[in-house]
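Visitor: coords please:
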Amino acid sequence: MKLIYRTMVFVIIKNLKVFLLLTLFLCRVSLLELSAQETAINHISDPIPLQSPLVAQAYKLLELGDSAEALNHFQQALTANGEDLSALLGQAMILADLERHAEAYATYDSIVVNYPRHAFAWNGRGLAAFNMEDFDTALNSFKQATAEQPINGFFYESLAWVQMCRGAFSEAAEAAKIATLMYNKRGENSAYPLLIAYFAYLEAEDQSNAQASLNYALRNKPLNAWPSPVIDYLAGSIVASELIGYVKDSAQETEAHTYIGLKLRTQGDENAAKKHLEWVARNGDRRVFEYTLARALNLQDSLALLIP
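Guide: Model prediction:
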């Protein structure tokens, strides 16, 4: 896809999705999430200057998969001009992909100081904070992103995840519902907001809406693709061991154990749930939302035991 944005900060590379992939430093990336990021980019309102030759070369390197050298070029560009927005965004996204979240956060933070309506940077700032388990900062960042981009489903999904981590289950359900509506409005489909909504409603003791969310997920689940087995497990069509059998990589294994733990948790089997959530905390793929959620729920449960 070739797109030219007069008001965007990016050098146009031949395959925009290669570039956008780095914006989601969680390994679960789908075309609908890429489209959500494209939406964010399309609506940046701040005017920006043309890119320097160093930045242009950096994006070419990024397209070729040489993120280390691309980062070096971005940093050289920033040495010459510390306010080069294209270079700042490129640097932030590569740092996030390398899981250097504190540095990514600092870079995104410097962007929103000068470009306070930059929804994409606000969301990146929130994701960096989320990965550092600074949920209050992440919450504020995601709220700002959704305020600037109220039609972006991915931003609302990010908001739903952080609300789950904070134990604000009613708010998580509401954000997940809006994420689903925004995805649907763009003709897209994502099971993950429905999974969030399902568990958030259960935690909020709203059985009716929880079942409605699961039913909707069943009707719209991806065919022969992940996370369809997760939905089948939650619906009772398969058991936990069968769900684990569908796992193909560390991200899916992390998700599987998290959702098994969440289901057991809502069923009141706290000891069995803890085993799965602790497995995620010890062995999970840190790049997926579920890893951080499992850690947050473990902490919540541990703190609850300390309260008489």
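Visitor: residues in contact with Arg286?
Guide: 99, 131, 292 (C-beta atoms under 8 Å, 6 or more residues apart in numbering). C-beta here means a position set from N, CA and C on the backbone, and glycine is covered the same way.
Visitor: between those, which has the most around it?
Guide: Thr292 (26 neighbours; other C-beta atoms under 10 Å).
Visitor: and it, how far is that from Tyr105?
Guide: 15 Å (C-beta to C-beta, to the nearest Å).
Visitor: could you do Gly261 as well?
Guide: Distance, Gly261 to Tyr105, using C-beta to C-beta: 28 Å.
Visitor: buried residues in the strand or helix carrying Leu62, which are they?
Guide: Here Leu62, judged by DSSP states H and E, is contained in helix 53-63. Within helix 53-63, the residues that count as buried by 16 or more other C-beta atoms under 10 Å are 54-59, 61-63.
Visitor: likewise stretch 214-229?
Guide: In stretch 214-229, counting by 16+ other C-beta under 10 Å, buried: 214, 217-218, 221, 226-229.
Visitor: what's the pLDDT at the spatially closest residue to Trp161 that is not a sequence neighbour?
Guide: Nearest residue to Trp161 in three dimensions, chain neighbours excluded: Phe289, at 4.7 Å (C-beta to C-beta, 6 or more residues apart in numbering). Looking at Phe289, its pLDDT reads 96.
Visitor: all strands in this protein, in order from the N-terminus.
Guide: Assigned by DSSP state E, the strands in the chain number zero.
Visitor: which regions of it lie under the pLDDT threshold?
Guide: 1-50, 301-308 (pLDDT under 70).
Visitor: OK, contacts around the most centrally placed residue in it?
Guide: Centroid check for the chain by C-alpha atoms, centre = their mean gives Ser158 as the closest residue, at 5.2 Å. Residues in contact with Ser158 (C-beta under 8 Å, 6+ apart) are 123, 126-127, 130, 138, 142, 145.
Visitor: related to what we said a few turns ago, okay if I get the contacts of Arg286 as TSV plus distance to Arg282?
Guide: Formatted as TSV, these follow (distance: C-beta to C-beta, whole Å):
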residue	distance to Arg282
Glu99	17
Asn131	17
Thr292	14
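Visitor: tell me which of those residues is nearest to Glu278?
Guide: Nearest to Glu278, judged by C-beta to C-beta, of those is Thr292 at 14.2 Å.
Visitor: residues contacting the closest one?
Guide: Per C-beta under 8 Å, 6+ apart, neighbours of Thr292: 130-131, 133, 161, 165, 286.
Visitor: and it, how far is that from Ala175?
Guide: Distance from Thr292 to Ala175, counting by C-beta to C-beta: 16 Å.
Visitor: ok, Asn184 next?
Guide: 15 Å.
Visitor: more neighbours: the two, which one.
Guide: Set side by side, Asn184 and Ala175 show more neighbours around Ala175, with 28 against 13, by other C-beta under 10 Å.
Visitor: what about the more buried one, distance to Leu202?
Guide: Distance from Ala175 to Leu202, by C-beta to C-beta: 16 Å.
Visitor: next step: the contacts of Thr292 restricted to helices.
Guide: With helices taken from DSSP state H, the overlap with these comprises 130-131, 161, 165.
Visitor: would you turn those residues into CSV with distance to Gly245?
Guide: CSV is the format used below for those (distance: C-beta to C-beta, whole Å):
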residue, distance to Gly245
Phe130, 30
Asn131, 29
Trp161, 26
Cys165, 28
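Visitor: which parts of the stretch 1-150 of the chain are helices?
Guide: 16-21, 31-42, 53-63, 67-80, 85-97, 101-114, 119-131, 135-148 (DSSP state H, counting those that start in this stretch).
Visitor: which helices and strands does the fifth one pack with?
Guide: Identification of packing neighbours for helix 85-97 by 3 or more C-beta pairs under 8 Å, 6 or more residues apart in numbering; DSSP states H and E yields helix 53-63, helix 67-80, helix 101-114, helix 119-131.
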